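K.L.:
need a 3D model of the following:
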Amino acid sequence: MSLHIPPSLHHYRFRLLWLGLMISVAGSQMQVWALFWHIRTLTDQPIALGGVGLARILPVIVFSLVGGAVADVANRRRVLFITQIAMVLIAAALAFLTFYEHIALWQIYLLTALQAVAIAFEQPARQALVPNLVPTRDLPNAFSMTSIAFQTGAIVGPALSGLVIAYRGQAYTYLINAISYVAVILALILMGPVQQQAAVGRQASVSLSSIGEGVQFILRHPIILSSMILDFFATFFSSANTLMPIVARDVLHVGAVAYGWLAAAHSVGAVAAALIISQMNSIRRQGPVFLVSVVIFGAATVAFGLAAHFVMAMLALMAVGAADSVSTIIRNTIRQLQTPDHIRGRMTSVNQIFFMGGPQLGEIEAGAVAQFFGVPFAIISGGVGCILVVMWVVRQWPQLLSYNGDEPIRAGVAAD
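P.N.:
Next up is the predicted model:
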């Protein structure tokens, strides 16, 4: 198989967003993993790390549906401008408080919650914007490349977080993140106006009825609904990112730099898988591939929980990331291609509750289980739970087993 430039990158506006996201995600991931290390420095209680998940998920539950309706009514590019500026200010506040050593746990939780509010509006607008930047034929590739951008940033960010913490100090991770958001802001400026479709014969508005329309759309489409439910419960059981500082310090007995590489291992595997998919013209039998990838995700989580050495842990996390990448690309393709443009923001906002709710609530669950039964048990039991969920979803929605990926497309064609 010869290498070629992925088709989605031939489109100038998507290419700008893709490059901006790669830089911005690196900064965001640096902050995420630095935040976990920071909390572990302030306290050795696993439940305190789980509190980050609570601070993130509550704003998502409250604001996501509104954010999705806004993404379908307002200009998505303008929404992204506002949310990026908000996240610059939040990261700068974390840096300021840390520089002057006036930061406490409650301040970390509060600023994390404010960032989650911004994300509740940013993610529906950004994901719904992508189909407006590339034609429908290139949309699966665009999501593969978006996954690469996120996972590449998620390799660079965590690896740098360990180095920056070790050699410059905690506050600089937050400062660098604040600067990284400028990349997306610049991309949005350079791409210019982006046309988006409106519902034919309907007055667009942010209302309970418009939000309800998005929910009803998902309930009427079992392929979309089942992929969201599987995503939620798989990540709920297999999420243990906030436990990583404890695994690094107390199980593997490594320092900040090695911790950074552990944090990046998931994304190393994810990028490898996404690069392979980006070179494929199409993915067939998407339903079975999706289900198998989630089973591998759970099994690799179990292997990570059993790992007693650094290299074993790294390899297990890379397998987790590869499986997660395949799952993410397929489920995003399913949802966006099967959803009309005028309702994509609302569909994405409901998905965001599942997508973020699973891992964030899972972090709370993992912290609580680790508090009483230990960190390895919390991770291993979560992986087993993930595999059991796949079996339940197949039983409830057997049509996933026959989903191929060439079913009728509902989405409109984007202007090139």
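
K.L.:
for the stretch 1-150 of the chain, what spans make up the helices?
P.N.:
For the stretch 1-150 of the chain, helices defined by DSSP state H, counting those that start in this stretch occupy the ranges 12-42, 46-73, 76-99, 105-129, 139-167.

K.L.:
distance to Val289 added to the ones you listed, as CSV?
P.N.:
The C-beta positions use only the backbone N, C-alpha and C, and glycine is treated the same way. Shown next, in CSV, are these (distance: least, Cβ to Cβ, whole Å):
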stretch, distance to Val289
helix 12-42, 24
helix 46-73, 27
helix 76-99, 30
helix 105-129, 21
helix 139-167, 13
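
K.L.:
include mean neighbour count, distance to Ala263 and mean pLDDT when you put the ones you listed into TSV, please.
P.N.:
Below are the helices of the stretch 1-150 of the chain laid out as TSV (neighbours: other Cβ atoms under 10 Å; distance: least, Cβ to Cβ, whole Å; pLDDT from 0 to 100):
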stretch	mean neighbour count	distance to Ala263	mean pLDDT
helix 12-42	22	4	87
helix 46-73	22	13	78
helix 76-99	19	18	92
helix 105-129	21	17	88
helix 139-167	24	3	80
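
K.L.:
secondary structure class for the closest residue to Arg285 other than its chain neighbours?
P.N.:
Closest residue to Arg285 apart from its sequence neighbours, by Cβ to Cβ, 6 or more residues apart in numbering: Asn404 at 5.9 Å. Following DSSP: H, G, I helix; E, B strand; the rest coil, the label given to Asn404 is coil.

K.L.:
which of the helices of the stretch 1-150 of the chain sits closest to Gly214?
P.N.:
helix 46-73 (6.0 Å; Cβ to Cβ).

K.L.:
which helices and strands does the closest one pack with?
P.N.:
Helix 46-73 sits against helix 12-42, helix 105-129, helix 208-219, helix 244-246, helix 344-373, with contacts defined as 3 or more Cβ pairs under 8 Å, 6 or more residues apart in numbering; DSSP states H and E.

K.L.:
got these as CSV, with distance to Arg137 columns?
P.N.:
Shown next, in CSV, are the helices and strands packed on helix 46-73 (distance: least, Cβ to Cβ, whole Å):
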stretch, distance to Arg137
helix 12-42, 13
helix 105-129, 18
helix 208-219, 23
helix 244-246, 39
helix 344-373, 17
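
K.L.:
returning to that earlier point: which one of the helices of the stretch 1-150 of the chain lies nearest to Ala274?
P.N.:
From those, taking Cβ to Cβ, the stretch that ends up closest is helix 139-167, at 4.4 Å.

K.L.:
now do the helix or strand following the closest one against helix 139-167, angle only.
P.N.:
Going down the chain from helix 139-167, the next helix or strand is helix 170-180, by DSSP states H and E. Relative orientation of helix 170-180 versus helix 139-167 (axes from the mean of the first three to the mean of the last three Cα atoms, to 10 degrees): 150 degrees.

K.L.:
out of the helices of the stretch 1-150 of the chain, the one nearest Gly382 is which?
P.N.:
Once those are compared by Cβ to Cβ, helix 46-73 is nearest, at 12.8 Å.

K.L.:
next, the angle helix 344-373 makes with the closest one.
P.N.:
Using the same axes, to 10 degrees: helix 46-73 against helix 344-373 is 180 degrees.

K.L.:
next one: Thr348 from Ala104, what distance?
P.N.:
According to Cβ to Cβ, to the nearest Å, Thr348 and Ala104 sit 34 Å apart.

K.L.:
looking at the two, which is more packed in?
P.N.:
Thr348 (27 against 10; other Cβ atoms under 10 Å).

K.L.:
quick check, that one in contact with Val70.
P.N.:
No - between Thr348 and Val70 there is no contact, the gap being 11.3 Å when judged by Cβ atoms under 8 Å.

K.L.:
shared neighbours of those two, anything?
P.N.:
Listed contacts common to Thr348 and Val70 are Pro124; contacts here mean Cβ atoms under 8 Å, 6 or more residues apart in numbering.

K.L.:
could you give the number of residues near Ala74?
P.N.:
17.

K.L.:
who's in contact with it?
P.N.:
Ala125.

K.L.:
and what of Ala316?
P.N.:
Going by Cβ under 8 Å, 6+ apart, the list of residues near Ala316 reads 300-301, 303-304, 307.

K.L.:
Met87 versus Asp182, what's the distance?
P.N.:
That one is not Asp; residue 182 is Val. Distance from Val182 to Met87, by Cβ to Cβ: 11 Å.

K.L.:
Leu388 versus Ala171, what's the distance?
P.N.:
43 Å.

K.L.:
neighbour count: the two, which is higher?
P.N.:
Ala171 (21 against 13).

K.L.:
pLDDT value on the more buried one, please?
P.N.:
Ala171 is assigned a pLDDT of 88 by the prediction.

K.L.:
which non-adjacent residue is nearest it?
P.N.:
Ala171 sits nearest to Thr98 (Cβ to Cβ, 6+ apart), 3.8 Å away.
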